[in-house]
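Peer 1: Sequence plus the predicted model coming up.
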Amino acid sequence: MGQDMHDRVCVGAIAGAFGVKGEVRLKSFCAEPSAIADYGPLCTEDGAQSFNLEITRAVKGGFAVQLSGVTGKEEADALRGRRLFADRSALPDLPTDEYYHADLIGLTVLDTGGAELGQVRTVLNHGATDLLEIAVPGMSDTVLLPFTLQAVPTVDIAAGRIVADPPDGLWPDDGDAG
């Protein structure tokens, strides 16, 4: 079946064709955006396609990139929306207290007393602080938890959980106990 998804990390996404020679517009999710070209061949989520890439120039919101084997606008357009993954082994080790977003998605969120608050649905970045979007059982709305050391003191990837100390009023049933 191929590699386990945990051995790969989503490092970018193809936003569509750029020009007529098969280049694509690529959004990089790397901390150092241009480093996406350094992580060896990148593959699609299903592993069916793999590309070496060469950044040809920076463009608004990303890079114009030549992917190996993509020679025309139609081929480039067909890749729109595809997410690209690198082997985890090709990526640099992260400093303590830094995590790949892909590693956080799906983790169980517990409060400081061990009660389950929900699961991480996605990681959002709207500025200075990342936000963890938490799917809460029995609620249609999600809760946005600031991904700070104060609100999320413990991340245990191996155990598949996060311990959260959310600010007062963030969770719907805060303050009902007692």
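Peer 2: Sure, I can see it. Numbering: from 1, shown residues only.
Peer 1: centre of the chain versus stretch 154-170, how much separation?
Peer 2: 18 Å (CA atoms, centre = their mean, to the nearest Å).
Peer 1: Please, where are all the helices along this protein?
Peer 2: Chain-ordered helices for the chain, with DSSP state H as the definition, fall at 73-78, 101-104.
Peer 1: Now do the longest one: everything it contacts.
Peer 2: Under the contact criterion CB atoms under 8 Å, 6 or more residues apart in numbering, helix 73-78 has outside partners 14, 16-24, 67, 70. Any C-beta I mention is one placed from the backbone N, CA and C, and that applies to glycine too.
Peer 1: Show me which of the residues you listed are buried.
Peer 2: Neighbour counting over the contacts of helix 73-78 (16 or more other CB atoms under 10 Å) leaves 14, 17-18, 22-24, 67, 70 as the buried ones.
Peer 1: Go through those residues and name the one nearest Ala158.
Peer 2: Ile14 (31.9 Å; CB to CB).
Peer 1: In contact with the closest one, which residues?
Peer 2: 24-27, 76, 79-84.
Peer 1: and the residues you listed, which of them are in strands?
Peer 2: Counting by DSSP state E, the part of these found in strands is 24-27, 83-84.
Peer 1: Provide a list of residue ranges in this protein with pLDDT below threshold.
Peer 2: Filtered on pLDDT under 70, the chain yields the residue ranges 1-6, 126-127, 173-178.
Peer 1: And it, what are its domain boundaries?
Peer 2: What automatic domain parsing lists as the domains of the chain is 5-90, 101-164.
Peer 1: Show me what counts as buried in stretch 165-175.
Peer 2: Those would be 166, 171, for stretch 165-175 by 16+ other CB under 10 Å.
Peer 1: Same question for stretch 123-140.
Peer 2: 123, 130-136.
Peer 1: List the neighbours of it that are in contact with it.
Peer 2: Against stretch 123-140 from outside (CB under 8 Å, 6+ apart): 101, 104-105, 109, 116-122, 142-148, 152, 162, 171-172.
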